[in-house]
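Participant: Have a look; sequence and predicted model below, questions after that.
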Amino acid sequence: NAGVTQTPKFQVLKTGQSMTLQCAQDMNHEYMSWYRQDPGMGLRLIHYSVGAGITDQGEVPNGYNVSRSTTEDFPLRLLSAAPSQTSVYFCASSTGYRGTGELFFGEGSRLTVL
Amino acid sequence: AQSVTQLDSQVPVFEEAPVELRCNYSSSVSVYLFWYVQYPNQGLQLLLKYLSGSTLVKGINGFEAEFNKSQTSFHLRKPSVHISDTAEYFCAVSSGESNFGNEKLTFGTGTRLTIIP
């Protein structure tokens, strides 16, 4: 039972480089989201999706792009990495419509931007 | 808009002692409340949740929480902690009034629980 799978687990980038964090879930969940975790700030919502083809911005969307072409996958793209994007990123999914809101999290992707 | 306050960023507790981790929320609508636990180098997993009904909610690993609407609180408790409870604990809130949107959780800043042998 894989649940939510994130790759890579660790990544080091130079300022200005681009990359994609991958997220896949095998629970047929409608809702998927990306959070970033920073010390003393808890988790902040970056982008979310309520179904294939539908995405929306969360609390801290600047510098990130997402797309949702399938139910299973929800990649997060950093277009031009900045040191302020050094963080731990979590993908999470949930059942969606009329759900209780319980989120299932991946194990995280630790990104360092030099 | 909703928000969550976890006043204690770190809580050290002796093994087998009781613990309470505090969580207060603000919201203009009815809410769903959650506690998540994050063990070192892992993702978050659900500890317990309050959706409706009984205000005392029991979760995994012997934890429980009490929803207090008048005080807008959802404190987490355990009567006797173990070394394995060392982790970071996050309180979270979502709106309980819509068919969609319940998943947009707002998290607190977390409380790091350290168990002292």
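Facilitator: That came through, no problem.

Participant: Just list the residues touching residue A:35, thanks.
Facilitator: A:43, A:44, A:45, A:46, A:89, A:90, A:91, A:92, B:107 (CB atoms under 8 Å, 6 or more residues apart in numbering or on different chains). Quick note: C-beta positions are derived from backbone N, CA and C, even for glycine.

Participant: ok, the nearest residue to the third one once chain neighbours are set aside - contacts?
Facilitator: Leaving aside its sequence neighbours, residue A:45 sits nearest to residue A:58 (CB to CB, 6 or more residues apart in numbering or on different chains; 3.1 Å). Remark: with contacts taken as CB under 8 Å, 6+ apart, residue A:58 is in contact with A:33, A:34, A:44, A:45, A:46, A:47, A:48, B:104.

Participant: Could you single out the nearest of these to residue B:14?
Facilitator: residue A:44 (33.3 Å; CB to CB).

Participant: Any buried residues in the host helix or strand of that closest one, and which?
Facilitator: According to DSSP states H and E, residue A:44 maps onto strand A:42-51. By 16 or more other CB atoms under 10 Å in any protein chain shown, the buried positions in strand A:42-51 come out as A:42, A:43, A:44, A:45, A:46, A:47, A:48, A:49, A:50.

Participant: Please list the residues of chain B that sit near chain A.
Facilitator: B:4, B:6, B:9, B:32, B:34, B:36, B:41-46, B:49, B:51, B:90, B:94, B:99-100, B:102-105, B:107-110 (CB under 8 Å from any CB of the partner chain).

Participant: quick one: the helix or strand where residue B:114 lies to chain centroid distance?
Facilitator: Residue B:114 belongs to strand B:111-116 when assigned by DSSP H and E. Relative to its chain's centre, strand B:111-116 lies at 14 Å (CA atoms, centre = their mean, to the nearest Å).

Participant: ok, it: who's next to it in the sheet?
Facilitator: strand B:10-14 (parallel), strand B:87-95 (antiparallel) (DSSP bridges).

Participant: Could you look over these and pick the most buried one?
Facilitator: Highest mean neighbour count of the strands paired with strand B:111-116: strand B:87-95, a mean of 24 (counted as mean count of other CB atoms under 10 Å in any protein chain shown).

Participant: how much space between residue A:67 and chain B?
Facilitator: Noted for residue A:67: a distance of 19 Å to chain B, by CB to the nearest CB, to the nearest Å.

Participant: which one of the contacts of residue A:58 is nearest residue B:21?
Facilitator: Distances from residue B:21 to those, taken by CB to CB, are shortest for residue A:44, at 20.5 Å.

Participant: re the thing from before, out of the residues of chain B next to chain A, which are buried?
Facilitator: B:4, B:6, B:32, B:34, B:36, B:43-44, B:46, B:49, B:51, B:90, B:94, B:102-105, B:107-110.

Participant: Apart from its neighbours in sequence, what residue is nearest the residue nearest the centre of chain A?
Facilitator: The C-alpha lying nearest the average C-alpha coordinate of chain A belongs to residue A:34 (CA atoms, centre = their mean; 2.8 Å). Spatial nearest neighbour of residue A:34, excluding adjacent residues (CB to CB, 6+ apart): residue A:46 at 4.4 Å.

Participant: give the contact list for the one you found.
Facilitator: By CB under 8 Å, 6+ apart, residue A:46 lies in contact with A:33, A:34, A:35, A:36, A:58, A:59, A:60, A:61, A:64, A:66, A:76, A:89.

Participant: The buried ones among the residues of chain B next to chain A in strands, which ones?
Facilitator: B:4, B:32, B:34, B:36, B:44, B:46, B:49, B:90, B:94, B:107 (DSSP state E).
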